[in-house]
Structures are given as structure tokens and as C-alpha cells.
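1. Sequence and predicted model, in that order:
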Amino acid sequence: MRDYTLFLIIMVLVPIILARPWVGIPAWFWVGLMVPHSLTWTFMRTFPIATVIGGTTLVALLLAKDRRPLPLTREMVMLFLFLAYVTMTSYFAVNSSGAWGFWQHFVKILLITFVTPMLIHGQKRIVWVLLVITFSIAFYGFKGGIFTISTGGNYHVLGPRDSFLSGNTYIGIAMLMVLPMILVTARMFHQKWVDLGYPIIQRFSRPIGWGVYGVFWLTAIATLATYSRGALVGVLAIAPFLFINMKKKWLLVVTGFVAISVVGLTVPDRLMDRWQTIQTYEEDTSAMQRIQSWGVSWNMAKESPITGKGFRYSVLGYDWWIQYAEFEGHWRHVLSPHSVYFGLMAQHGFGGLAVFLLLMGFTFMTLNRIRRTARRKTGQIWLAEYAWAIQVGLIGYLVAGAFLDVAYFNLLYAFIALTVIMRRELEEAPQTETAQEEARSARQPWPAANGVSPTGLAPRTVNRSADHG
């Protein structure tokens, strides 16, 4: 039944996308992040959903009358530069066939990143994309939180089967990245910042908001229950930002005090054991494998600082890989760099890592600007809040990414596309009266002191009556 339902949804989406091309963008993110075909049992598990949705969206893009030009912001320029750089390193890759195969996969991710700003503009479209991205991952946070509570935290929370997010570490960083977005979404519904154009949603906006608050806490529990050390460190990194942004901090503190001192709620032993392995990493095989892999990546980058070794170098096997290691353990583990930064360093050299870090830095600065100015300049509370959410999610990614190989995660590039779109939305929105008055004041000459201007000349007298003809 699930297969037939999903097939029907896809077949209905195709004509809708052709009629309204922008719908293809949230549909693409839904397919890529939630991976709905992983929830089916038979023929839809191998059905080319991404190809159908992506191909239809590209065709619709050519027919779209409201297509916008691609904004050449510094983020987009760096994305093009990053694409050019990984193309160059793929040409010099030690595993040429494997490198070009993964290059094609990465180009597909970047293609939708470039297309998104062309079709998504205006408040409603932007918010719908934000909601689809948020709930595509929050769906697994909701499931995982309930599963963790019902089983007492005795099992890992895993992602959708046969997908990039299937492992506990990857679904952990995905939930970590959208956790601030879930919080902002709950507040948006509860406080009715945006009218999505559906009266029934507006009517039940507050109950929906309370429900999303519940999803936030279930997702937080599920993130911890992945027992991924990278996710745990990421949670610690973003927790202070989440706490500061919460409106009723006292209620959270009181609830936590009652839960610990009165109810006797404690952290599951498995979570504590996992956390302690960070302090005693020398005794933990998994941690030592990471240190070994980081040494390998560093030595590869030193040998090829500009070109790196290219994508899929690990296919050459353990005997080739171990020659770059500082030490050899008693294991023959999957040859993963176990880090965004060391992975980029090994694959694309120090040059590729530098381009990626510049891209992250520009994205972070743009989000910071939107967060600081949207509320005051244009009165767009939702824009400021979602910029904050993406910014905090990016912090979580950058911290947890030190321990996870997720440099080509499509959620990250969705964040970059959204940053570009939100910047354009801020620049094109009409300013509030207060912002306009501040701008006019900034353009006025310095006020004269005792009849003398800062230049030492007497201020000119302007005949205002002339302004009225």
C-alpha cells in the first residue's frame, strides 16, 4: 500500500511541477532528505524518484515565466569556484573512474543548489521550502524520539534504510542541523508570523505550534540517542544558542530541576558511556581509527597540496592507504577520513579545503547580516529568525563535521541556497518607516554647533517653500 501511495504522489507531483515549476524545489528536497522510498517495501524502493522529480523540475525551469536570474553573490561565486576546483582534482585523481563517478553525484547536488534561487522567491515560496526541509528530517526526529522513550534508550536511532542518512552518525548530524529550524517553525506557527495562504492552517496555527514544540524535544532526544560522538559534541555547541533564544527559560530550568531531583530522571548509562569515550579516546578503537585516518589525510595533503588524491581514493585498498598512516592498529577499518576538514584536505589538497572554508565563512557572515537587520529594516521577523536557525545549524555542522565525513551532504548546500535567497529577499523587501527615517537621518549633513558646521562654515539656509512649488 505504501508503494502505491508514493507512486500516486509522484505521478500527481509531475503535472503540478510542470504547471508551477517552483514546486519542484521542495519536492526535490523532500525526496533527497526524507528519502520516502526507503519507507516502502516493493517496487518503489528502486523507482528513480529523484530522476523523475529532478528531470521534471529542469524541464519546468525552461518553461517558467517567473524564473529569476541566478544571483551572483559571493556564496554562488565560491560554489562555482569549488565546483571548478573539484573538477580539476578529479582530472588528477589517483582513482580516475571512481572520482568522475562521484563528481557526477556531487554535480547533481550543486545543480539543484543553483536552480533553487532561480525558482524560489517571495515569502510564501521561501517559507514552504523551509518547512519541507525542516519536516523531512524532523519526521525521523519524531519517530526516533518516541522510539527512544518507549525503549528506554537501549538502542541506536538510525536513519532511513539504503540512504546516505541510514547510519546513526549521519542522521544525528542531520537532526542536529534542523533542530534550531524546528524551534523557529514552532514559534512561527504559535505567533502567526506568516500567512501561508490556507485558512485552515491559520485557524489552527497555535495548536500546530504546540505540536511542533513537541517535535523539537523529541528530535533533541533522538539526536542524543544516535549515540554519535560527533552529534553529541554538536549538541553541546548549539545548546547555549538554543537556550538563549528560548522565550520561557525559567520553565525549562524548573522542569529540568523537577525531573532530576523529584522524578529522579537520569541520563541513560549508554549515553554516559559513549560520552566518557571522548575523554578516554586512547582506549577506544573507534576513536583511534579516527586519529589514524586524520594522519593519513594530513600526509596525503602534504604530498599533493594542490590536487589532493581526488574522490574515491580509498578504493585503491588498505595496502595503498596504510602507507600514509603514522601508525597501524589491530584493525582493518573502512577507509574513511572521519572528518569534513581532513576529508577535503586528502581529496582536494589544502587549496580545496581553503575554498570550502571561505564558502562557509561567507555563508555565515551573510546569515549574520540577515539576522541582525531583517527585523529592524523590513519588519520580517520570520526572515531574521530563520537566518538565526540556519546559522546555528551551520555551527552544529561545522563542529560535528570535525568527526564526520559529510562534506557533500545535500542539506548543507540547501542551507547555502537558502542563504542566497534570504539575502535577496531582505534586499528587495520594502523598509519599515523606522528604517527609512534612520536612512534619511544618515544622509543628512552633520548638525551645526552654535551656528557653525563641522567644516567651519555657516550652515546654508534652505527655502523650504520652494519644495511646494
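-> The structure has been received and is ready for your questions.
2. any weak-confidence spans in the stretch 351-469 of the chain?
-> Applying pLDDT under 70 to the stretch 351-469 of the chain flags residues 433-469.
3. Strands along that one, start to end?
-> Ranges of strands within the stretch 351-469 of the chain: none, based on DSSP state E, counting those that start in this stretch.
4. So R68, which state does it fall into?
-> coil (DSSP: H, G, I helix; E, B strand; the rest coil).
5. confidence score at it?
-> You'll see R68 listed with a pLDDT of 94.
6. burial measure for it, as a count.
-> 14 (other C-beta atoms under 10 Å). Heads up, the C-betas are built off the backbone N, CA and C, glycines and all.
7. show me what contacts it?
-> Applying C-beta atoms under 8 Å, 6 or more residues apart in numbering, we find R68 in contact with 117-119, 121.
8. quick one, phi/psi of it?
-> phi -100, psi 150 (degrees, to the nearest 10).
9. Report the buried residues of the longest helix belonging to the chain.
-> Criterion DSSP state H: the longest helix present in the chain is helix 340-377. Within helix 340-377, the residues scored as buried using 16 or more other C-beta atoms under 10 Å are 340-349, 351-353, 355-356, 358-360, 362-364, 366-367, 370-371, 373-375, 377.
10. Just want the angle from the strand or helix carrying K302 to helix 340-377.
-> Using DSSP states H and E, the element containing K302 is helix 285-303. Counting by axes from the mean of the first three to the mean of the last three C-alpha atoms, to 10 degrees, helix 285-303 lies at 90 degrees to helix 340-377.
11. can you list contacts of helix 285-303?
-> For helix 285-303, contacts defined as C-beta under 8 Å, 6+ apart pick out 229, 277-278, 281-282, 308-309, 313, 321-322, 324-329, 331, 333, 335-339, 342-343, 345-346, 349-350, 353, 403.
12. would you put the C-alpha positions of it in PDB?
-> Extracted in PDB, the C-alpha atoms of helix 285-303 (Å, rounded to 0.1, in the frame of the first residue of the first chain):
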ATOM      1  CA  THR A 285      39.100   1.600  18.900                       C
ATOM      2  CA  SER A 286      36.700   3.800  17.000                       C
ATOM      3  CA  ALA A 287      38.400   7.000  18.300                       C
ATOM      4  CA  MET A 288      41.900   5.700  17.500                       C
ATOM      5  CA  GLN A 289      40.700   4.800  14.000                       C
ATOM      6  CA  ARG A 290      39.800   8.400  13.500                       C
ATOM      7  CA  ILE A 291      43.200   9.600  14.700                       C
ATOM      8  CA  GLN A 292      44.800   7.200  12.300                       C
ATOM      9  CA  SER A 293      42.600   8.400   9.400                       C
ATOM     10  CA  TRP A 294      43.400  12.100  10.200                       C
ATOM     11  CA  GLY A 295      47.100  11.300  10.000                       C
ATOM     12  CA  VAL A 296      46.600   9.600   6.700                       C
ATOM     13  CA  SER A 297      44.700  12.600   5.300                       C
ATOM     14  CA  TRP A 298      47.300  15.000   6.500                       C
ATOM     15  CA  ASN A 299      50.100  13.100   4.900                       C
ATOM     16  CA  MET A 300      48.200  12.800   1.600                       C
ATOM     17  CA  ALA A 301      47.600  16.600   1.600                       C
ATOM     18  CA  LYS A 302      51.300  17.200   2.200                       C
ATOM     19  CA  GLU A 303      52.200  15.000  -0.700                       C
END
